[in-house]
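Participant: Next come a sequence and a model predicted from it.
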Amino acid sequence: MTVITYKVVFDGRIDDNLKNEIDNGFLEEVIDDAQTKVVIGVDFYSKDFNLYGKGIRAQVWILSQDQMFKTIKAMYYKGANLVIYVKSDNSSTVEKLIDSFKNAKINPNNIILIESTEDFTEAFFEYAIVITLYHDGLISSSTFREKKVVYEKGNNPKFTVLSDYLESEEYEIKNLKDLLLRKEEEIEELRKLVKFKDKQISNLKDSLQSKDKLIRSQINEMKIIANSVKIKEKELEDLRKELKLKNK
């Protein structure tokens, strides 16, 4: 039987619940003694499935939630066949995940959102692989529907496929709220600008009034000086007349 290797990225912290599941054999830890593939910020596990005559070896990349790895996390999504994203355990937002999957060119049908690590059960993981098989065209729609009915009838964890989330009313409402918030911020910035410009105009008016007062004062002073010049000129003319009379 041909074995298909799938890269599965699990974006969520390993809490006590998941550690116990791993210890009980849910996932098998991969120890690379030869260190042929050293990747920081990732723990490697594997899980084998036999589904519809297909052998699937899931290479599980569990991403560290440490802040120092946040900036390089998106590149780990590249080449992933399936991304399981834990919403409540992850410090990133779903919107950041949306940006990451676009950059990594992952089909949003192959990205699944769960609420906590408690939802990452063996039944869920198997069904997540089935979803991926279907969207990769490896099983028929009728086979997928049968599996979906069986999964949903059982007491299995709920999840959201990212493509469904992107088409949901919840996402539409969130986008509208984000748009409204951005518009309110833009309006507030414009209000601040108007207030600043109003203050500038007020300062200019005050400056103009001050300049006008100064100009008026200078004009009055000039008039007084001009009047003094006239008086002095008259006095000078009188002195000339008096001198002329004396000379006669």
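Facilitator: Yep, it's here. Numbering: from 1, shown residues only.

Participant: any idea how far residue 24 is from residue 42?
Facilitator: 22 Å (C-beta to C-beta, to the nearest Å). Where you see a C-beta, it was placed from the backbone N, CA and C, and this is true even at glycine.

Participant: which one of the two has more residues nearby?
Facilitator: Per other C-beta atoms under 10 Å, whichever of residue 24 and residue 42 has more neighbours is residue 42, with 17 against 9.

Participant: pLDDT-wise, which helix or strand of the chain ranks last?
Facilitator: In the chain, no helix or strand scores lower on mean pLDDT, DSSP states H and E than helix 94-104, which sits at a mean of 72.

Participant: got the buried residues for the helix or strand where residue 21 lies?
Facilitator: Secondary structure assignment for residue 21, by DSSP states H and E: helix 16-23. Neighbour-count burial for helix 16-23 flags 18, 21-22 (criterion: 16 or more other C-beta atoms under 10 Å).

Participant: how far away is residue 24 from residue 122?
Facilitator: Residue 24 sits 10 Å away from residue 122 when distances are taken as C-beta to C-beta.

Participant: Low-confidence ranges, the chain, go.
Facilitator: 1, 32-39, 88-93, 104, 248 (pLDDT under 70).

Participant: Tell me where it has helices.
Facilitator: 16-23, 73-76, 94-104, 122-135, 141-153, 162-166, 169-247 (DSSP state H).

Participant: so who does residue 144 touch?
Facilitator: 130-131, 133-134 (C-beta atoms under 8 Å, 6 or more residues apart in numbering).

Participant: could I get stretch 71-89 in PDB with only the CA atoms?
Facilitator: C-alpha atoms of stretch 71-89 as PDB (Å, rounded to 0.1, in the frame of the first residue of the first chain):
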ATOM      1  CA  THR A  71       7.500  36.600  13.500                       C
ATOM      2  CA  ILE A  72       8.700  33.400  11.700                       C
ATOM      3  CA  LYS A  73       5.600  31.300  12.400                       C
ATOM      4  CA  ALA A  74       4.000  32.000   9.100                       C
ATOM      5  CA  MET A  75       6.800  30.400   7.100                       C
ATOM      6  CA  TYR A  76       6.200  27.100   8.900                       C
ATOM      7  CA  TYR A  77       2.700  27.000   7.300                       C
ATOM      8  CA  LYS A  78       4.300  26.700   3.800                       C
ATOM      9  CA  GLY A  79       3.800  23.300   2.200                       C
ATOM     10  CA  ALA A  80       1.300  22.300   4.800                       C
ATOM     11  CA  ASN A  81      -1.500  19.900   3.700                       C
ATOM     12  CA  LEU A  82      -3.500  20.600   6.900                       C
ATOM     13  CA  VAL A  83      -3.300  23.400   9.500                       C
ATOM     14  CA  ILE A  84      -5.100  22.900  12.900                       C
ATOM     15  CA  TYR A  85      -5.300  26.200  14.600                       C
ATOM     16  CA  VAL A  86      -6.300  26.500  18.300                       C
ATOM     17  CA  LYS A  87      -8.100  29.800  18.800                       C
ATOM     18  CA  SER A  88      -8.200  30.000  22.600                       C
ATOM     19  CA  ASP A  89      -4.600  28.700  23.100                       C
END
